[in-house]
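[1] generate coordinates for the sequence data below:
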Amino acid sequence: MKCEWVKDNIVLYVYQELEDGARHELEQHVFRCPDCASELKAMRAFHSTVSQTPVSDPTPNLLASSRMRLQEALETTSQGGLVNRLTFDPFHWLRQIRFAPALAAAIFMVGFGGGIGATYQFLHNPATAGVINAQPSTPAPQQASITGIRSVVQQPGSNQVTIKYDTVSTQEAQGSLNDQRIQQLLLFAARNNMNSGVRMDSVDVLTQNPDDAKIREQLIFSLRYDSNPGVRLKAIDSLGPFVKDDVHVRDAILAALVNDANPGVRTEALRLLGPVKADSSVRAILQHLADADQNQYIRSQARTVIAQLPEID
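    Numbers count the residues shown, from 1 in each chain. The predicted model follows:
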């Protein structure tokens, strides 16, 4: 992977818009490349600065009246003749932008993107860094955007959790596993944090409450997509008790058995499928593994399980 591609996609990565495969490749490259790691750090700092600015939503009345005026304008706008359509009139074109919401939106997005790029270059320029830092900081909004989780620590012998997280500066939250805010931070850390150790700690805490639907959904996500096999192993172990009654858990474990790159995760998946080995979909996958899997141990274990199943009439 080239540094140019990484730098072109750092913004998408920071804003959680990069697909999982590309995200993994970018993380691996940044781990090896100090220049790109510095670029990512600067982009995250920029994202933190932008996140301080509160965004006001338009009122419902303003939206409704604007849509009505737009609809009336569209209905009363007449189409010009062929000559007018082929002749470029910049003043007429500018007047018509207000009647073309898609075009106006596209122009706005291009302009906004250019503004972000210029601001990012300004913030990233060492010559201007002192100017930015010299300005008095604005107070953080009440609901500040979280840019990263630094650490997750559970107090021994209790359900109290301490989480350090970054907005503009590192903050800390304490509470029990039943605290909604603590759960939200744990879910965020398990899915979005670059630090695999923090993801491991988050999933480790989340596994203590797999009965919660949102937590179980996150554990399934970690099993399917986390790049760290240790995280996937923790997730799959906690999902085992639900393999009989939750079809989503069963599908995730089957997918791990077939597709996971780590033999340990696949072996654990095969063990956990024991209670549902007679299921037709599970039986079909086991038969496929017994016939053609490249891992000798998985192939042997699948044959053993198949041999123990009753014949289908």
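[2] helix, strand, or coil at Gln294?
    Using DSSP: H, G, I helix; E, B strand; the rest coil, the structure places Gln294 in coil.
[3] could you check the pLDDT of it?
    What the model reports as pLDDT for Gln294 is 88.
[4] number of nearby residues for it?
    Counted by other C-beta atoms under 10 Å, the residues lying close to Gln294 total 7. Just so you know, the C-beta spots here come from the backbone N, C-alpha and C atoms, and that holds for glycine as well.
[5] same thing with Ser151?
    For Ser151, the neighbour count with other C-beta under 10 Å is 16.
[6] got it, and His288?
    Counted with other C-beta under 10 Å, His288 comes out at 12.
[7] Gln171 belongs to a helix, doesn't it?
    No. Per three-state DSSP, Gln171 lies outside any helix segment and is strand.
[8] and the residue lying closest to it once chain neighbours are set aside, which of the three is it?
    Once flanking residues are discounted, Gln171 sits nearest to Tyr165: 5.8 Å by C-beta to C-beta, 6 or more residues apart in numbering. At Tyr165, secondary structure determined by three-state DSSP is strand.
[9] likewise for Cys36?
    Applying three-state DSSP: Cys36 is helix.
[10] per-residue confidence for it?
    Predicted confidence (pLDDT) for Cys36: 89.
[11] next one: Gln143
    For Gln143, the predicted pLDDT is 40.
[12] give me the low-pLDDT residue ranges for the stretch 101-250 of the chain?
    Low-confidence segments of the stretch 101-250 of the chain (pLDDT under 70): 101-145, 147, 168-170, 192-193.
[13] what about the strands in it?
    For the stretch 101-250 of the chain, the strands defined by DSSP state E, counting those that start in this stretch cover 148-154, 160-166, 170-176.
[14] how about the last one: buried residues?
    Going back to what we said before, that points to strand 170-176. Judged by neighbour count (16 or more other C-beta atoms under 10 Å), strand 170-176 contains these buried residues: Gly175.
[15] what strands flank that strand, and is each parallel or antiparallel?
    Within its sheet, strand 170-176 is paired with strand 160-166 (antiparallel), according to DSSP bridges.
[16] circling back to that earlier point, show me the beta-bridge partners of the residue nearest to Gln171.
    Beta-bridge partners, per DSSP bridges, of Tyr165: Ile149, Gln171.
[17] give the contact list for it.
    Ile146, Gly148, Ile149, Arg150, Gln171, Glu172, Ala173, Leu185, Phe188, Ala189 (C-beta atoms under 8 Å, 6 or more residues apart in numbering).
[18] correct me, but Val203 touches Ser222?
    Yes. Val203 is within contact range of Ser222, at 5.5 Å (criterion: C-beta atoms under 8 Å).
[19] residues shared between the contacts of those two?
    Joint contacts of Val203 and Ser222 (C-beta under 8 Å, 6+ apart) are Ala190, Val231, Lys234, Ala235.
[20] got the contact list for the second one?
    It stands for Val231. Here Val231 is in contact with Ser196, Arg199, Met200, Val203, Ser222 (criterion: C-beta under 8 Å, 6+ apart).
[21] list only buried entries from these.
    Arg199, Met200, Val203, Ser222.
[22] is it true that Ile10 touches Ala37?
    No. Between Ile10 and Ala37 there is no contact under C-beta under 8 Å: 10.5 Å.
[23] neighbour count for the two, which is higher?
    A count of neighbours by other C-beta under 10 Å puts Ile10 above the other of Ile10 and Ala37, at 22 against 14.
[24] avg pLDDT for the helix or strand containing that one?
    Per DSSP states H and E, Ile10 falls inside helix 3-14. Confidence over helix 3-14 (mean pLDDT, whole number) is 87.
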